[in-house]
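> Give me the fold of what follows.
(chains A, B, C and D)
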2 protein chains.
Amino acid sequence: MKKTPSLTDLVAMAGAELTPTDRRIAQAVLAEPTLLAFGTVSHLADQVGTSRPSVVRFAHKLGFQGYTELQRQVRAEVSRRLVRPSERIRNDETTDTSAHQAINDAIDSVFEIVQGLDIAQLVKPIVEANQVWVLSGETSRAGAIAFCSGLSMIRPNVHLLDDRSISNELSNAGSGDTAVVFDFYRYRRLVVTATRLLAQSGVRIVAITDGPLSPLVELTDNWCEISVPAIGPFDSSVPVVAIAELLVSKIARELKGKTTERIDRIESLWESTETFFQ
Amino acid sequence: MKKTPSLTDLVAMAGAELTPTDRRIAQAVLAEPTLLAFGTVSHLADQVGTSRPSVVRFAHKLGFQGYTELQRQVRAEVSRRLVRPSERIRNDETTDTSAHQAINDAIDSVFEIVQGLDIAQLVKPIVEANQVWVLSGETSRAGAIAFCSGLSMIRPNVHLLDDRSISNELSNAGSGDTAVVFDFYRYRRLVVTATRLLAQSGVRIVAITDGPLSPLVELTDNWCEISVPAIGPFDSSVPVVAIAELLVSKIARELKGKTTERIDRIESLWESTETFFQ
DNA sequence: TCATGACTGTACCATATGTTACACTATTGA
DNA sequence: TCAATAGTGTAACATATGGTACAGTCATGA
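Residues are numbered from 1 along each chain as shown, chains lettered A, B, ... in the order given. Reported below is the predicted structural model:
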């Protein structure tokens, strides 16, 4: 029992009482629903090769008061198809595992971005950099930590800047370096201004942030958008950590030969200082 | 080099020269592109709470001759998404998809644990604690950061112990306190020994670790098992961060009313120190 | 053959829509 | 404090749009 019958259903219902012209319209519209979702009466009429009134009559036959109403119906249908499949499920079953869903969606979108976007754009400056400086806001701190932790294993000269070290260390950065900045809405003033300073001194910027409206975006072309879900009342850093680790793995692949050597070195260093328990 | 820049790209390009109203429009449109694809100037203006001319000006700022042209662009973008919704599967780099799978599985198991296990066992000592001490190994550092960051918002006396502070601070811990320890295979010697010392001085231990064989397990009954997936050649901290944030949200629910007062204080502090950019 | 009815296009209208010019307001800098 | 400027809304306008009445066309049956 559907509350809203689909366009196909409506055409089927109208069925027998459709005139030849109606059928041509139906055919066109079923093949390309955007004609109806986006187009005007005139446009659709032209496409089908008929007159505007015929289109309106078609809408009447389908049980609508006019073209406008039919269009509204089709647009709703199209909108539903646009949202992510998992979201569709969530909307259907109102479970209270919303945090779980939100995180899964966010993770999915992270991988989507990594595959779709030109990730090499983000990786290249980090690989080539003389020194790498990492900055982060509050919710993104965990991501920055994960990034530094991983990146330190595969290349030298990785520095994590926090509130204390930032003012001292900033002067050591210069042309040939790259700064990787993690920050999200309620963008931290200190982080933004520091990034701006770095950009001005010729440091290449790679930004992980939450959208084109972020103040970080205007400082670089190498940025990537991450959506931040909520766990309970707080913003989650899970997706940030995920993208951070993905970046590291991409960089590792790029560095190839040099990488294994360095990891071995670090591992032996750790073992010699008895950092590990087993 | 994209032939047709996406809406996101366009907003990013316009960047700095967007007025506050422009940004409100951009935000609305990025969150819900159908507003632009389907809606009229009036409708969008109403949704955003502005006037029609502002919407048209927004289109101009993005480099279009008018709203109509901007709409055409967005419709094309939306149409593309309708035709091939499986754009995600396009690139099949096996490393990514397997990492994706691994992370999703790990996240799933985290939520299973949280729902299945008696999570109250972990939450209770933290809620009741006089002071909370947080320790972590290397891969779990990000989780510890996330945990501290969240927990500090909702209760006082949360201390993150790192290699430097651990020897000094350890003596401040005692009966009535709780230590939350994150550590995984290749257990960090410093963390394990410190935890043992804490346990001996009557500090309650909550451990997030990787199984019953962990040296942390023999120090407490309040522990929970997390599986660590791999992203490329590295261990991922994503599940640790997830469980950390889930713990925080559970604790927040437990503390209920007491938290709001503290959060308000922190907020006003942030405001007076102008911590944030916007 | 004509009459009937269904089907389709033309002509027209009220309204909604995108757009522009202009006026008002708030903010900035001297 | 005042002038200048950027930002935003009001008013007006030409056009596009959905809708309807009416006329023309075609097929069918007597």
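
> Name the nearest residue to A:Lys61, sequence neighbours excluded.
If the residues on either side of it in the chain are set aside, A:Lys61 comes closest to A:Ala14, at 5.0 Å by Cβ to Cβ, 6 or more residues apart in numbering or on different chains. For every residue, glycine as well, the C-beta is placed using N, CA and C.

> State the helix or strand in which the one you found lies.
Assessed by DSSP states H and E, A:Ala14 sits inside helix A:7-14.

> check whether that helix contacts DNA strand C.
No - Helix A:7-14 lies apart from DNA strand C when judged by Cβ under 7 Å from any atom of the strand; the minimum separation is 12.0 Å.

> where does the stretch 1-150 of chain A have low pLDDT?
A:1-3, A:84-97, A:117 (pLDDT under 70).

> on that earlier part again, can you name the residues that contact the residue nearest to A:Lys61?
Each residue near A:Ala14 by Cβ atoms under 8 Å, 6 or more residues apart in numbering or on different chains is listed here: A:22, A:61-63.

> same question, A:Val181
Contacts of A:Val181 by Cβ under 8 Å, 6+ apart are A:134-136, A:191, A:195, A:205-209, A:216.

> And the host helix or strand of it, how far out from the chain middle?
For A:Val181, the element it lies in under DSSP H and E is strand A:178-182. Distance, stretch centre to chain centre, for strand A:178-182: 18 Å (Cα atoms, centre = their mean, to the nearest Å).

> Which ones among the contacts of A:Ala14 map onto strands?
Nothing among those maps onto strands, per DSSP state E.

> right, and the pair among the residues you listed with maximum separation?
Pairwise distances among the contacts of A:Ala14 were taken by Cβ to Cβ; the largest, 13.0 Å, belongs to A:Asp22 and A:Gly63.

> Excluding chain neighbours, give the residue nearest to whichever residue of chain A sits closest to DNA strand D in space.
Nearest residue of chain A to DNA strand D: A:Gly66, at 2.0 Å (Cβ to the nearest atom of the strand). Using Cβ to Cβ, 6+ apart and skipping residues adjacent in sequence, the residue nearest A:Gly66 is A:Ala59, 5.7 Å away.

> quick check: mean pLDDT across the strand holding A:Val181?
In this model, strand A:178-182 carries a mean pLDDT of 96.

> can you check stretch A:236-255 too?
89.

> buried ones in that stretch?
Buried residues in stretch A:236-255, counted by 16 or more other Cβ atoms under 10 Å in any protein chain shown: A:236-252, A:254-255.

> what residues does the stretch 1-150 of chain A put near chain B?
Within the stretch 1-150 of chain A, the residues that sit near chain B (Cβ under 8 Å from any Cβ of the partner chain) are A:34, A:37-38, A:75, A:78-79, A:81-82, A:85, A:97, A:99-100, A:103-104, A:107-108, A:111-112, A:114-116, A:138-139, A:141-143, A:145-146, A:149-150.

> helix, strand or coil for the closest residue to A:Thr220 other than its chain neighbours?
Excluding the flanking residues, the one nearest A:Thr220 by Cβ to Cβ, 6+ apart is A:Ile205, at 3.7 Å. Taken by DSSP: H, G, I helix; E, B strand; the rest coil, the conformation at A:Ile205 corresponds to strand.

> What residues are bridge-paired with A:Ile205?
A:Ala179 (DSSP bridges).

> Report the contact partners of it.
Shown in contact with A:Ile205 (Cβ under 8 Å, 6+ apart): A:178-179, A:181, A:195, A:198-199, A:216, A:219-220, A:222.

> Against chain B, how distant is it?
To chain B, A:Ile205 is 13 Å away according to Cβ to the nearest Cβ, to the nearest Å.

> next one: A:Ser175
Distance of A:Ser175 to chain B, computed by Cβ to the nearest Cβ: 23 Å.

> quick one, phi psi at that residue?
Dihedral pair for A:Ser175: phi -60, psi 140, per degrees, to the nearest 10.

> Relative to chain B, how far out is A:Val158?
14 Å.

> can you check A:Asp177 too?
Distance of A:Asp177 to chain B, computed by Cβ to the nearest Cβ: 23 Å.

> those helices in chain A, which residues are they?
Secondary structure of chain A (DSSP state H): helices at A:7-14, A:20-31, A:34-38, A:41-48, A:52-61, A:67-82, A:85-92, A:98-116, A:120-128, A:141-154, A:165-169, A:189-200, A:238-255, A:257-272.

> So which of those helices is nearest B:Thr4?
Closest among these, using Cβ to Cβ: helix A:98-116, at 14.2 Å.

> burial measure for A:Asn222, as a count.
Close neighbours of A:Asn222, defined as other Cβ atoms under 10 Å in any protein chain shown, add up to 19.

> That one against A:Thr209, yeah?
No - counting by Cβ atoms under 8 Å, A:Asn222 does not reach A:Thr209; the two are 11.3 Å apart.

> quick one: buried residues of stretch A:137-157?
Using 16+ other Cβ under 10 Å as the test for burial, stretch A:137-157 gives A:137-155.

> Only C-alpha atoms, please: export it in CSV.
What follows is stretch A:137-157, C-alpha atoms only, in CSV (Å, rounded to 0.1, in the frame of the first residue of the first chain):
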residue,chain,number,x,y,z
GLY,A,137,41.2,22.6,16.1
GLU,A,138,39.5,20.9,18.9
THR,A,139,37.2,18.2,17.4
SER,A,140,39.9,17.6,14.8
ARG,A,141,42.7,17.1,17.3
ALA,A,142,42.3,13.4,17.3
GLY,A,143,42.6,13.3,13.5
ALA,A,144,45.7,15.4,13.6
ILE,A,145,47.3,13.1,16.2
ALA,A,146,46.5,10.1,14.1
PHE,A,147,47.9,11.8,11.0
CYS,A,148,51.1,12.8,12.8
SER,A,149,51.6,9.4,14.4
GLY,A,150,51.3,7.7,11.0
LEU,A,151,53.2,10.2,9.0
SER,A,152,56.1,10.3,11.4
MET,A,153,56.7,6.6,10.6
ILE,A,154,57.1,7.1,7.0
ARG,A,155,58.8,10.4,6.6
PRO,A,156,61.0,12.8,8.7
ASN,A,157,60.4,16.4,9.8
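
> residue contacts, A:Arg73?
Arg isn't right for residue A:73; it's Gln. A:4, A:7, A:64.

> Any chance of TSV for the contacts of A:Val181, columns distance to A:Val228?
Output for the contacts of A:Val181, formatted as TSV (distance: Cβ to Cβ, whole Å):
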residue	distance to A:Val228
A:Val134	19
A:Leu135	17
A:Ser136	13
A:Val191	16
A:Thr195	19
A:Ile205	20
A:Val206	18
A:Ala207	15
A:Ile208	11
A:Thr209	10
A:Leu216	14
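
> Relative to chain B, how far out is the closest residue to A:Leu219 other than its chain neighbours?
In space, and not counting its chain neighbours, A:Leu219 is closest to A:Ala199: 4.6 Å by Cβ to Cβ, 6+ apart. Going from A:Ala199 to chain B by Cβ to the nearest Cβ gives 13 Å.

> Kindly report the same for A:Arg155.
A:Arg155 is 13 Å from chain B, by Cβ to the nearest Cβ.

> picking up where we left off before, filter the contacts of A:Gln73 down to just the buried residues.
Among those, those scoring as buried are A:7, A:64 (criterion: 16+ other Cβ under 10 Å).

> How about the contacts made by A:Ser136?
Residues counted as contacts of A:Ser136 (Cβ under 8 Å, 6+ apart) are A:143-144, A:181-183, A:191.

> repeat for A:Gln121
With contact taken as Cβ under 8 Å, 6+ apart, A:Gln121 is in contact with A:221-222.

> one more time with 6 Å, if that's ok
Shown in contact with A:Gln121 (Cβ atoms under 6 Å, 6 or more residues apart in numbering or on different chains): A:Asn222.

> State the distance from it to A:Ile113.
Counting by Cβ to Cβ, to the nearest Å, the separation of A:Gln121 from A:Ile113 is 12 Å.

> Now stretch A:194-213: average pLDDT?
Here the average pLDDT along stretch A:194-213 is 93.

> can you pull up the bridge partners for the nearest residue to A:Ala144 once chain neighbours are set aside?
Distance criterion Cβ to Cβ, 6+ apart; nearest residue to A:Ala144, sequence neighbours excluded, is A:Ser136 at 3.4 Å. Under the criterion DSSP bridges, A:Ser136 forms beta bridges with A:Phe182.
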